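*Asks:* model this:
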Amino acid sequence: MRLPRTILAGTAALTLVSAAACGGGGGDAQRPAGATALYDALPDSIKETGVIRFAGDSHPPYRIVANDGKTVTGIDKELQDALGKVLGVRTEISIVNGLPAALSGMLASRYDAFNGPVKDSAEREKQFDAIVWMVTRTSYLIPKAGSAAIKSSGDLCGKRVAGTAGSIVEDQAKRLTEWCTKHGKPGIDFMGLADTNGTILAAKSGRADAAGMTESAALDVLGKEKDAFTYVTQTDEQGAGVDRLAMLVPKSSGLGPVMLDAFKKIFENGEYKKIMDKYGLQNVAVQEPKMNTAATP
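*Replies:* Next up, the predicted model:
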C-alpha cells in the first residue's frame, strides 16, 4: 500500500531530526567511544576524517619501505601508532621524495605532519611547530671496498659525501667544511640526494666516498651490512654538538600543541621508552618532549 505523501514527508523529517540529535552532521559523529580531552582538542578537520596524515621519505630505521612502495615499518610507524592511540585517531604514512616534498606538502595541506626526524631551527619555526623528541650526532658510513683512506671524520676533508638534501646532515657537512678550511684543508664535496637509501647506494657505487646520516641510521645500516661499511662520527670541535630533532606540524593547523601533549602522554605511559629501547636509541632519547626549542640555549 502506498503511504500518503504527508506521512512520507513527516517520516523523512523525523529521520533528519533523529540524525541531527545524534550529531550526524557534525564532527562529533566521529567521536570514538572513550575519547579523551586530547581527542577533543584536535583540529576539526582531523576529527572529521579520524586520520592524521604523515609524510615520510625512506629513512631506515625510522621508515623502512617495503617493495610495494607503500607498506612502512620502523620507528616512525610504531611512534605514530602510539600517538594515534592516545589521540583516538588512526595514522597513515604517505611516502614522498625527500624533505622538500614533505614540507611543501604540509603547507599545501596534503599532509598533517612530518616526523623526519628533522632539526628544529628558527627558520622552520616560522611556519611549523617543532616537537623535539630526540637528539643526534652525524655519522658517515665508509665503504670498506672504497679506495678513500678515511679513518676519522677529519679525513673527510676534500672527499665526496652523499647526504639527504635539506637535512640535518647537510648542515653538519657545512660545519665540517668550515673546520676543514680552518685547518688548511679542502672542504667536503656534498652531494644532496632524495633519501637515505640513495646516499647509501651512492657510497656503494663509488659515486661518493661516504654517506652521511644520523648516528642511529648509521648503526642500523651497520647492523644489517657489517662487512660492507665502517663509520666515523663528527666531533664537537668540528661543529657537531648535539642537535635537537623534531616532528614538524604546520602552525596554521593548530595541531602542534595537541601533538606535544600526545608525546607527553606516551612518555608517561612508557611507550616512548619501549620504542627507543627496542631500536637501541637510549643514547639519543630525551627526558621530556618540548616544542619550538630553537631559541633555547
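*Asks:* what about the spatially closest residue to residue 210 that is not a sequence neighbour, neighbour count?
*Replies:* Distances taken as CB to CB, 6 or more residues apart in numbering put residue 140 closest to residue 210, at 4.2 Å, once the chain neighbours are dropped. C-betas here are computed from N, CA, C, even on glycine. Here the count is done by other CB atoms under 10 Å, and residue 140 has 33 residues near it.
*Asks:* Let me see the residues that make contact with the strand or helix carrying residue 140.
*Replies:* Using DSSP states H and E, residue 140 falls within strand 138-143. Under the contact criterion CB atoms under 8 Å, 6 or more residues apart in numbering, strand 138-143 has outside partners 148, 150, 153, 156, 161, 168-169, 172-173, 200, 203-204, 206, 209-215, 217-219, 221-222, 228-234, 240.
*Asks:* List the strands paired with it, with their directions.
*Replies:* strand 210-214 (antiparallel), strand 229-233 (antiparallel) (DSSP bridges).
*Asks:* tell me the most buried of the ones you listed?
*Replies:* strand 210-214 (a mean of 30; mean count of other CB atoms under 10 Å).
*Asks:* immediately after that strand, which helix or strand?
*Replies:* Past strand 210-214, the next helix or strand by DSSP H and E is helix 215-224.
*Asks:* so where's the stretch 51-200 of the chain uncertain?
*Replies:* The stretch 51-200 of the chain contains residues with pLDDT under 70 at 147-148.
*Asks:* how about the strands in it?
*Replies:* 51-56, 64-65, 72-73, 90-95, 113-119, 128-136, 138-143, 160-164, 189-193 (DSSP state E, counting those that start in this stretch).
*Asks:* Which neighbouring elements make contact with the fifth one?
*Replies:* Right, strand 113-119. strand 51-56, helix 75-87, helix 99-107, strand 128-136, helix 168-182, strand 243-250 (3 or more CB pairs under 8 Å, 6 or more residues apart in numbering; DSSP states H and E).
*Asks:* quick one: residue 88 and residue 41 touch, right?
*Replies:* No. Residue 88 is beyond contact range of residue 41, at 10.6 Å (criterion: CB atoms under 8 Å).
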